[in-house]
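1. No letters, just coordinates:
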C-alpha cells in the first residue's frame, strides 16, 4: 500500500490537472481516520455529497490513525488531502517551523471538547474524575491531542491524574463507558458518534465541561484553543447549551498539490453550500467559516484562494 501511495504521489501534478480538463475522473486521496471517528463520518458524508455537484471529482478515503498520521502522510506526499485537527496543526508548526506549509482547503468543523459519563454516575465535574479510568482516544488521534492541552491548561496530567485509556480503536471507548469499565470518555466535535451512542442508550449520558474559570486558565496557557459552545439538544437528554474550548479542524493539502485540483475542490464545496446541499456533518464546511478560521489568506491552498478571489469572497 505504501509503495502504491508513493508511486501515485510521484505522478506529475499536470497529469492530474489535464485529466480533469479532459472530463475524466479526478481522484483525490484523502486521509480521514478509523471507523467511529468523527473524521471517518465526515469523510463518508463528503464523498456522498460531492457526487451530486461534480461527477468528475472523486474522493477516495484512506483510513488512518487520525490527525497525527494524516500530517505525516501529507508531508510525505502519500495522500493529496487530509483531515487534521487544529491541535495537530499547532503541534506541527511548533515542531517543524521550517517545513513546507500544509495549505488549507477548507474548514471541516469546530471541535468543542468535553467529557461524557453515564447519566446514572455520580460524576459532575472534571475534578470528580481524577484517579478514575478515562478514555482519551487512540494515541495520536485528534481527541487525545486536544484533551492533553485542555487538561494541561487546568494543571492536570492525563496519565498521572487519571487512569488513562488509549484504545486501539476509537469505537471501543463508548462500550467501555456503557459497561462501566471506564468512568468517562473525551470526545470532540458536534454530534460526535461516541457521544451519540452513549446518549441514545436507556441509561443516557451526562456531559462535563471545564468551568468558566478553567476555560480562562486553559486559554491563558494555550491561546490557540478558542471558546466554543455545544448547542442545546445536540444529543439525547442534553437540554442546555454547554460552553467549553476547542479548535477548528481543517482539510489540508500536500505542499505540492496542483492549483487546479484545489480550485476544483473549492468550487465544488462552495456549490454545495449555495444549493443547500450541506448535510448535518458538513454544515460548518463553508467559505465564510474557512475565512474566519484562518490567520491569513496566504494559509489557503493556491487554487482555493484563486477560486475565492474569482467569486469575490477574498481579496
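-> Received the coordinates, thanks. All values reported here derive from a predicted model rather than from experimental measurement.
2. what's around residue 152, how many residues?
-> Other residues near residue 152 come to 14 when the count uses other C-beta atoms under 10 Å. Every residue, glycine included, has its C-beta placed from N, CA and C.
3. Nearest residue to it in space, please, no chain neighbours.
-> For residue 152, the nearest residue in space outside its immediate sequence neighbours is residue 221; the separation is 6.8 Å by C-beta to C-beta, 6 or more residues apart in numbering.
4. Ok, residue 90 next?
-> In space, and not counting its chain neighbours, residue 90 is closest to residue 224: 5.0 Å by C-beta to C-beta, 6+ apart.
5. same question, residue 270
-> residue 287 (5.7 Å).
6. Would you mind measuring from the residue nearest to residue 90 to residue 259?
-> Noted for residue 224: a distance of 28 Å to residue 259, by C-beta to C-beta, to the nearest Å.
7. you'd agree residue 234 is up against residue 189?
-> No. Taking C-beta atoms under 8 Å as the contact criterion, residue 234 and residue 189 are not neighbours in contact, 10.2 Å apart.
8. neighbour-wise, which of the two wins?
-> residue 189 (28 against 17).
9. Not counting sequence-adjacent ones, nearest residue to the more buried one?
-> Across the structure, with C-beta to C-beta, 6+ apart as the measure, the residue nearest residue 189 apart from its sequence neighbours is residue 38 (4.3 Å).
10. list the contacts for that neighbour?
-> 109, 111, 142, 188-189, 192-193 (C-beta atoms under 8 Å, 6 or more residues apart in numbering).
11. And the biggest strand by length in the chain, what's buried?
-> Scanning the chain for the longest strand, with DSSP state E as the assignment, gives strand 104-118. Applying a neighbour-count criterion of 16 or more other C-beta atoms under 10 Å, one finds 104-118 buried in strand 104-118.
12. do the same with stretch 33-53
-> 33-34, 36-43, 45-47, 49-50, 53.
13. By pLDDT, give me the weakest of those.
-> Taken together, those show their lowest pLDDT at residue 36, with 76.
14. Pull the contacting residues for the nearest residue to that one once chain neighbours are set aside.
-> Closest residue in space to residue 36, ignoring its immediate chain neighbours: residue 171 at 3.4 Å, by C-beta to C-beta, 6+ apart. For residue 171, the contacting residues are 34-36, 194, taking C-beta under 8 Å, 6+ apart as the criterion.
15. swap in residue 237?
-> Each residue near residue 237 by C-beta under 8 Å, 6+ apart is listed here: 119, 199, 204-205.
16. how about 6 Å then?
-> 199, 204 (C-beta atoms under 6 Å, 6 or more residues apart in numbering).
17. Could you check the pLDDT of it?
-> The predicted local distance difference test score for residue 237 is 93.
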